[in-house]
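# dropping a prediction and its sequence here:
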Amino acid sequence: MKCPILLTGLVLLSGMGLVGILLEQRRRATEMAGKIPSLEAWGRQTWNRLARYQGQLSRLQRKLDDLLEEVGVLNKELLDLHPKQWSPDKETQACLEDKKKTEEDLQAKEAELNSFTDQLKTEQNSWKQEITSLKQQVAQQSKLCDFVDKASEVSMQLCTNIQKTDGADEKKPEQGPVM
């Protein structure tokens with residue numbers, strides 16, 4: 001007896017579960033049906049925006065193509081004008097070459113002048129040293145003046161440091177015994 005009651009309870013319980021599942025699916029379907037109009041509106045808005053953006057994109061692409069074509073035409077015109085406007089004529093070309101040549105000559109002459117100036121300075125310095133050394137030699141009494149007769153005029157001129165002295169102050173060379 002237990003089995004039929006248990007079996008009946010299980011059938012009733014299963015039926016109630018199936019009814020609950022069906023009710024839940026209906027509720028979800030009703031909920032989804034309520035969302036469908038809002039999703040359709042959103043889809044239409046998105047589609048309209050996409051169509052508007054594509055229209056703008058195609059217009060901008062046409063403008064870009066037109067501008068690029070115009071830039072190409074302007075570049076061709078510029079290339080046609082550029083050689084005419086900026087090419088120097090023969091006289092100007094000759095003048096520029098002469099100017100370049102004279103600048104090179106000027107630089108060469110300046111280098112030569114600097115060389116001569118440097119050479120002059122070195123020569124001046126060497127002559128100044130020579131003059132200084134000669135003045136020192138003249139100022140110094142020569143060793144020969146010690147052995148020269150200091151009473152004569154010539155020796156006085158040659159040995160400027162010797163003062164004229166009397167004959168008494170002069171040392172006379174000693175003579176050896178006369179034989």
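Sure thing, it's come through.
# how far does stretch 32-50 sit from the chain's center?
62 Å (C-alpha atoms, centre = their mean, to the nearest Å).
# residues in contact with it?
By C-beta atoms under 8 Å, 6 or more residues apart in numbering, no residue outside stretch 32-50 reaches it. Heads up, the C-betas are built off the backbone N, CA and C, glycines and all.
# what is the mean pLDDT for that stretch?
For stretch 32-50, mean pLDDT is 90.
# got the buried residues for it?
For stretch 32-50, the neighbour count (16 or more other C-beta atoms under 10 Å) marks no residue as buried.
# repeat that for stretch 140-160.
Of the residues in stretch 140-160, those buried under the neighbour-count criterion (16+ other C-beta under 10 Å) are 145, 150, 156, 159.
# for those residues, could you give me JSON lines that also reports pLDDT and secondary structure?
Shown next, in JSON lines, are the buried residues of stretch 140-160 (pLDDT from 0 to 100; DSSP: H, G, I helix; E, B strand; the rest coil):
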{"residue": "145", "pLDDT": "74", "secondary structure": "helix"}
{"residue": "150", "pLDDT": "71", "secondary structure": "coil"}
{"residue": "156", "pLDDT": "73", "secondary structure": "helix"}
{"residue": "159", "pLDDT": "71", "secondary structure": "coil"}
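# farthest pair within those?
145 and 156 (9.9 Å; C-beta to C-beta).
# mind listing the helices for the chain?
For the chain, the helices defined by DSSP state H cover 2-86, 90-139, 153-158.
# how far off centre is the first one?
To tie it back to what came earlier, the one meant is helix 2-86. 55 Å.
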